[in-house]
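Q: How does the following fold in three dimensions:
(2 chains)
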Amino acid sequence: MSTILIIEQVLNGLQSGVMLFLMAAGLTLIFGVMGLINLAHGSLYMVGAFAAAAVAGVTGSFVLALVAALAAAALAGAVIEVAVIRRLYDSDHLDQVLATFALILIFSEGTRWVFGSFPLFLDIPDALSGPVTLPGGIQYPLYRLALIGVGLLVAFGLWLLIERTRIGIQIRAGENDREMIAALGVDISKLYTLVFALGAALAGLAGALVGAIQSVQVGMGEPVLILAFVVIVIGGIGSIKGAFIGALLVGLTDTLVGIFLPEVLKLFMDAAPATSAGSSIASMSIYILMSLVLIWRPSGLFGARA
Amino acid sequence: MSRETLFNAALLLGLIAVPAWAVMMDEPFTITLATRAVILALAAAGLNIALGIGGLVSLGHAVFFGIGGYAMGILAHHAQSYTPLMEWPFLIEGTKFMPVIWLLAVVVSAVAAFLIGLMSLRTTGAYFIMITLAFGQMFYYFAISWSTYGGEDGMSIYIRNDFPGLNTLVPIQFYGLCLAILVVVLIFTARLRRSPFGLALNAARQVPARVEAVGMDPMRLKLVAFVISGVITGLAGALFADLNRFVSPTMFSWQFSGEIMILVILGGVGRLFGPVAGAVTFVALEHFLGGITEFWHIFLGLILLAVVLFARGGITGLVAGKEATHD
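A: Numbers count the residues shown, from 1 in each chain, chains lettered A, B, ... in the order given. Next up, the predicted model:
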């Protein structure tokens, strides 16, 4: 087990962590401001990936593909917010779960209808393809490094938006007291549509960026959605900071345990059972992490309310 | 007799009359569909106890369904390959005997429901939903990586398991067995709802603080309800595996958890026969819409949206109106 491998795996963990953050940030923002649990967030991730793959297929430009992903996901988000989600803010969580589950069915089958069942492929742009040599002589794919950079930039931008702008003040006020800010003359329903579309755009961006290293297919969003749920349960629902820390924890745990646990087990037992036991336990590791956090802090690391 | 009682009686009559008709017309496929509906109704009846009476929005009930399925799959797999399940510390052999399979399904589901409940009931609301969903995914990935029992491909069981006095290979006899179990569970549920435990649980859903004030522990009430609920869904899983003679990790999938919940909502949350109405409707939609278009889930989604937004009481609510004793 070399240092190079460890550094590579830590970078992989960071990369999947920051992409998870893009998903989890939208989910937690939507929950924090509107009190809505949105299962269809994974569908918006898928919409972003498909829009990017379709536009890249026609124009060949990765930048246009990203713009298309952001636009398509934000638009899809705004449309479902106005048509369906808006009616659910005052409903209980059960209704929200069911209605957004229904949206998943409609989005998934609709996409299958338009694009077919075969996966699409989105190529990494030429400028970012190939490996780059890091200090210490480590070869690492440039694109994955760029993903980490983009993720951190978006996280910083989101922090600026929430903490330093007028819209951010309204969003934070909306979390605390909906009636009061409506009485102060903020158009609350416009604000909600905006927050929902913002969350959707982040999910769409994540879908397009990750779509270039995985295949773009129907149902790609839901495994990520459930991981994002684990992230916000760990971080505390409604907390962007919690989502960031939780996403990095989950990304690193998922990657590192999968690689290193079989190696560690091999010290104590035969190679074959060590590999199979290691991979079984590794597949459960983030849920074990979640359970431990819950036992310690039932409302998550940074959660204010249970 | 209230309209709901009439509706329930009509449903039960249908569950007897349609297969009887299918036997006379020699339509075994209709019996298979009806068996599927009855088993799904059983799974949903399990969830209905947690969700309808206890108010626990569990999006991870496929865990118990899958456990039931794998209990059947593992025992029958060892029986058909003549290999022992375990040799140390004592010998355990596989079996094709349904009551033993059911016992294992029930015991393991109960233990799993107890542990998951203990963990998830520390939280409420959205946390509970997400955590049950996450535990479901954990079992799903575990089943995929469990290569001893088929991993991602699952396991095929060549011959349906045995029940004393019945030939389970005859579709109508297996159907009768499943229907009998469903009826027993529905009678149990009806009695549970009127029992002191059921009333306390109902109160714990509505106003936990008052339940606590009269000296009962809402958490314990909910945990017991969650275990009962998981056990019933687990039993349904064992029957479902026997119907298909196949088990795979998809029995654990979160989509399936969502589907069980759809059955309950479609039929009417908390209604005694809600799961039955939901399951029958679901299987009928799946069969007829699925015959028209490959993309029938779009229509299922639209119907579900309509039920959530406009018909809160589900089918039972539409037919029988609001329930007097239930909010």
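Q: rest of the way, CA atoms for contacts and neighbours
A: Will do.
Q: Buried residues, the helix or strand containing residue A:42. List them.
A: Under the criterion of DSSP states H and E, residue A:42 resides in helix A:41-59. Within helix A:41-59, the residues scored as buried using 16 or more other C-alpha atoms under 10 Å in any protein chain shown are A:41-57.
Q: Flag every residue of the stretch 201-327 of chain B that's near chain A.
A: B:258, B:262, B:295, B:297-302, B:304-305, B:308-309 (C-alpha under 8 Å from any C-alpha of the partner chain).
Q: what ranges do the strands span in chain A?
A: A:131-134, A:138-141 (DSSP state E).
Q: Any regions of chain A where pLDDT drops low?
A: A:1, A:304-306 (pLDDT under 70).
Q: and the longest helix for it?
A: Taking DSSP state H as the criterion, chain A has its longest helix at helix A:3-34.
Q: Please point out which parts of that one sit buried.
A: Buried, per 16+ other C-alpha under 10 Å, within helix A:3-34: A:9-34.
Q: just stretch A:71-84 next, same as before
A: Residues of stretch A:71-84 classed as buried by neighbour count (16+ other C-alpha under 10 Å): A:71-78, A:80-81, A:84.
Q: just stretch B:286-294 next, same as before
A: Buried, per 16+ other C-alpha under 10 Å, within stretch B:286-294: residue B:289.
Q: winner for burial among the strands of chain A?
A: strand A:138-141 (a mean of 16; mean count of other C-alpha atoms under 10 Å in any protein chain shown).
Q: elements contacting that one?
A: For strand A:138-141, the packing partners by 3 or more C-alpha pairs under 8 Å, 6 or more residues apart in numbering or on different chains; DSSP states H and E come out as helix A:3-34, strand A:131-134.
Q: between the ones you listed, which one is nearest to residue B:213?
A: Nearest of the helices and strands packed on strand A:138-141 to residue B:213, taken as C-alpha to C-alpha: helix A:3-34 at 30.9 Å.
Q: Please enumerate the helices of chain A.
A: Ranges of helices in chain A, per DSSP H, are A:3-34, A:41-59, A:62-83, A:93-115, A:142-164, A:166-176, A:178-183, A:188-211, A:221-235, A:240-266, A:271-296.
Q: now the longest one against helix A:142-164, angle please.
A: Taking axes from the mean of the first three to the mean of the last three C-alpha atoms, to 10 degrees, helix A:3-34 and helix A:142-164 form an angle of 30 degrees between their directions.
Q: so does helix A:3-34 get close to chain B?
A: No. Judged by C-alpha under 8 Å from any C-alpha, helix A:3-34 and chain B are separated, with a smallest distance of 9.0 Å.
Q: so what secondary structure elements neighbour that helix?
A: Using 3+ C-alpha pairs under 8 Å, 6+ apart, helix A:3-34 is in contact with helix A:41-59, strand A:138-141, helix A:142-164, helix A:166-176, helix A:188-211, helix A:221-235, helix A:240-266.
Q: Please point out which parts of the fourth one sit buried.
A: Counting neighbours by 16+ other C-alpha under 10 Å, one finds that the buried residues in helix A:166-176 are A:168, A:170-175.
Q: Out of these, which two sit at the greatest distance?
A: Distance extremes for these: the farthest pair is A:168 and A:175 at 10.7 Å, using C-alpha to C-alpha.
Q: and the closest residue to residue A:295 other than its chain neighbours, how many neighbours?
A: Distances taken as C-alpha to C-alpha, 6 or more residues apart in numbering or on different chains place residue B:119 nearest to residue A:295, at 7.4 Å, with adjacent residues excluded. When neighbours are counted by other C-alpha atoms under 10 Å in any protein chain shown, residue B:119 registers 19.
Q: how about the helices of the stretch 151-300 of chain B, start to end?
A: Per DSSP state H, counting those that start in this stretch, the stretch 151-300 of chain B has helices spanning B:171-194, B:196-206, B:208-213, B:218-244, B:254-267, B:274-292, B:296-310. These are given in chain order.
Q: Name the SS class of the closest residue to residue B:227 other than its chain neighbours, please.
A: In space, residue B:227 comes closest to residue B:113 once its chain neighbours are excluded; the distance is 5.0 Å by C-alpha to C-alpha, 6+ apart. Following DSSP: H, G, I helix; E, B strand; the rest coil, we place residue B:113 in the helix state.
Q: now residue A:131, which residues is it bridged with?
A: residue A:141 (DSSP bridges).
Q: Can you tell me the element residue B:126 falls in?
A: Assigned by DSSP H and E, residue B:126 falls in helix B:125-145.
Q: can the buried residues of stretch A:71-84 go into TSV with extra columns for distance to chain B?
A: Listed next are those as TSV, based on distance: C-alpha to the nearest C-alpha, whole Å:
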residue	distance to chain B
A:71	24
A:72	20
A:73	19
A:74	21
A:75	20
A:76	16
A:77	17
A:78	18
A:80	12
A:81	14
A:84	8
